[in-house]
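Trainee: show me how the following folds:
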Amino acid sequence: MSDPHEKELREALIADARDGPLDAEAAAELELLADLLADPSTWSTPPAELEDRVVQAVIEAEPAETQALHARRRRWRRSGAVAGVAAAFVAIALIVGALVAGSSSAPDYVAVLHATPLTPGARASVNITRNDAGFHVSLDAQGLAPLKTGEFYQAWLRSADGKTLVPVGSFNEGNDVTLWAGVSPVNFPTLTVTRERADNDQASSGQRVLVGTIDLGG
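Mentor: The predicted structure follows:
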């Protein structure tokens, strides 16, 4: 604890530097100043690394405005990423749409299949499109009843002379059927559908339910 006499001496020295008498507030401030001057820590030398710590703290401490700016930039980056993903989905949709539009172009050949006495009232429409794999045959039939287990419908292309049959696919129900042919309708212009059994006999049963001639367009 400091000597009261020394404290009074310091206060007197400080007061002599002022003009006029001291009011109550100034006297209280004078007492605090005297205590501060008497505190040894006021005159102690700070550690050498204090300045470095202060500078580093200032560098690391971001003002609130800077933090808000960085937060906005992060939101912008996220928004940009979302917009980029959305744009990618739009581009994919456009590409898919173009492919679908291309695949829905006019067929190269068409045919209408008519019923035989085995299936009165049945009929089918056929679109045939050439591509790199051969000939895509799309058949949509009405009036064909679903077959029993172990039975199926088989589609065939028959040559112009009627001597050669080429199977192009089998199905059970006739709605929106996809078939494939490796021979051209130009050389095999007749399309037939037969009713078959899974009996290990690859030849036609001869039970034709639909038959028609392919329109070769000229």
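Trainee: for Asp176, which non-adjacent residue is closest in space?
Mentor: Among residues not flanking Asp176 along the chain, Asp140 sits closest, at 5.7 Å (C-beta to C-beta, 6 or more residues apart in numbering). In short, each C-beta sits where N, CA and C put it, glycine included.
Trainee: so that neighbour makes contact with Ser125?
Mentor: Yes: applying C-beta atoms under 8 Å, one finds Asp140 in contact with Ser125, separated by 5.4 Å.
Trainee: now the element after the worst-scoring helix or strand of the chain on mean pLDDT, going C-ward?
Mentor: The weakest-scoring helix or strand in the chain, judged by mean pLDDT, DSSP states H and E, is helix 64-103 (a mean of 56). Counting by DSSP states H and E, the next helix or strand C-terminal to helix 64-103 is strand 109-115.
Trainee: next, the buried residues of that next one.
Mentor: The neighbour-count check on strand 109-115 (16 or more other C-beta atoms under 10 Å) flags Tyr109, Val110, Ala111, Leu113, Ala115 as buried.
Trainee: give me the neighbour count for Gly169.
Mentor: The local packing of Gly169 (other C-beta atoms under 10 Å) involves 15 other residues.
Trainee: what pLDDT does it get?
Mentor: The per-residue pLDDT reported for Gly169 equals 96.
Trainee: other SSEs contacting whichever strand or helix holds Tyr153?
Mentor: Per DSSP H and E, Tyr153 falls inside strand 151-158. The contact analysis (3 or more C-beta pairs under 8 Å, 6 or more residues apart in numbering; DSSP states H and E) places strand 151-158 against strand 165-171, strand 177-181, strand 190-197.
Trainee: quick check: buried residues in it?
Mentor: Residues Tyr153, Gln154, Ala155, Trp156, Leu157, Arg158 are the ones in strand 151-158 that count as buried (16+ other C-beta under 10 Å).
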